[in-house]
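K.L.:
A structural model of the following input is requested.
(one chain, ligands or ions: 2)
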Amino acid sequence: MSSSSCNNSACLNEARRVAIFGGTHGNEMSGVTLVNLWVKNSAEIQRKGVETKPFITNPKAVEKCTRYVDTDLNRAFTPENLSAPGGDNLPYEVQRAQEINRIFGPKESPDAYDVIFDLHNTTSNMGCTLILESSKDHFNLQMMHYIKKAIAPASCLVLLNEHPLLKYSTSRSVAKHPVGLEVGPQPQGVLRSNIFEAMRVILKHALDFIELFNEGMEFPPCTVEAFRVLERIDYPRDANGNIIAMVHPNLQDCDWEPLNPGDPMFQTFDGKTIRYHGSGTVYPTFINEAAYYEKQQAFVTTRREALVASAIRKI
Ligand SMILES: CC(=O)N[C@@H](CC(=O)O)C(=O)O
Ligand SMILES: [Zn+2]
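P.N.:
Ligands and ions are numbered 1, 2, ... in the order given. This is a model prediction of the structure:
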């Protein structure tokens, strides 16, 4: 009887409406290319009992092959922006955020899409990374567990951004279950086949999970290793705000590897080493991401954590 199974499992609604966003940043080519492909022919992303909509979120930025036109779309889904009057006079991405919120939201309402996958590329050596915004979303945690198992021995890490100050208002945040997918390294404006295929495989398993869930499969309790965002580290700068050091060669490309107090972090242009002076071991990621120079961020530090997912099944 379903009511008795529901005593042991969190009973959740089926995930009937799913969207796959590409081009939230117009120069991140794997997501742009995959979504354009799926708009033409969506057979690959259709699953029984699920309606999956591929969608280019920032067409003007895609056309110009730039991150954004007026302002970063993946920071634009704030309550202020989403309710701002002004119509055509608003920045392009704010108008676009309002449109996306009308189609796939409204954010935080029962009418919102169930799941949104938002496809990104990074210039950092992060490999496949799934980005979560909540440690309490048991549906997403179970999905992460499923994907990790399905792609083994390849690996896919989970980045959790629940930081009260560093969290931002993403395009995917209009969904009930927002999932970011970040794959790198890939330069901006460039397509690399290995990165493209890695992204495609993760999406395949993610959609398989949703199909199984909707078919009534019960997922037992599990734990998921995640890396929780702790701190943003800026480049060293002079009094005028100009950068005076680069990511140290010992740290470059070492995303997810432990950084200990005393380890080299930056190298000045005249060859001096600047060391990490935090209180304990952290796991840096987004190291030397091109898009983050404008955000005064050389990398973020994270801490490893085991997240607990309850059993889930559909109502
Ligand atoms: C390189 C890049 O664009 N990263 C994404 C991460 C995310 O989707 O949360 C961003 O800053 O919006
Ligand atoms: Zn991006």
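K.L.:
Pull up the residues of the stretch 51-200 of the chain that are close to ligand 2.
P.N.:
Residues of the stretch 51-200 of the chain that fall close to ligand 2, judged by C-beta under 5 Å from the ion: H120. Where C-beta positions appear, they are placed from N, C-alpha and C, glycine not excepted.
K.L.:
So which residues on the stretch 51-200 of the chain come close to ligand 1?
P.N.:
Neighbours of ligand 1 within the stretch 51-200 of the chain, by C-beta under 6 Å from any ligand atom: 74, 120, 122, 131, 170, 180, 182.
K.L.:
Pull the number of nearby residues for the fifth one.
P.N.:
When neighbours are defined as other C-beta atoms under 10 Å, T170 has 23 of them.
K.L.:
right, and it touches T57 too?
P.N.:
No. T170 is beyond contact range of T57, at 10.4 Å (criterion: C-beta atoms under 8 Å).
K.L.:
Just the closest of the residues of the stretch 51-200 of the chain next to ligand 1 to H277, please.
P.N.:
Using C-beta to C-beta, T122 comes nearest to H277 of those, at 26.0 Å.
K.L.:
hang on, isn't the closest one packed against F286?
P.N.:
Yes. The pair T122 / F286 is scored as a contact, 6.5 Å apart, by C-beta under 8 Å.
K.L.:
Mind listing the shared neighbours of those two?
P.N.:
Residues touching both T122 and F286 by C-beta atoms under 8 Å, 6 or more residues apart in numbering: none at all.
K.L.:
In the protein, what residue comes closest to ligand 1?
P.N.:
N74 (3.6 Å; C-beta to the nearest ligand atom).
K.L.:
List the contacts of that residue.
P.N.:
24-25, 118, 120, 168, 170-171.
K.L.:
one more time with 10 Å
P.N.:
With contact taken as C-beta atoms under 10 Å, 6 or more residues apart in numbering, N74 is in contact with 21, 24-25, 57-58, 67-68, 93, 97, 118, 120, 168-173, 180, 291.
K.L.:
do C128 as well
P.N.:
By C-beta under 10 Å, 6+ apart, C128 lies in contact with 147-148, 151, 154-157, 181-184, 195, 198-199, 201-202.
K.L.:
Okay, now the unreliable bits of the stretch 1-150 of the chain?
P.N.:
By pLDDT under 70, the weakly predicted segments of the stretch 1-150 of the chain are 1-7.
K.L.:
And the residue nearest the centre of the chain?
P.N.:
Closest residue to the average C-alpha location of the chain: G180 at 2.4 Å, with C-alpha atoms, centre = their mean.
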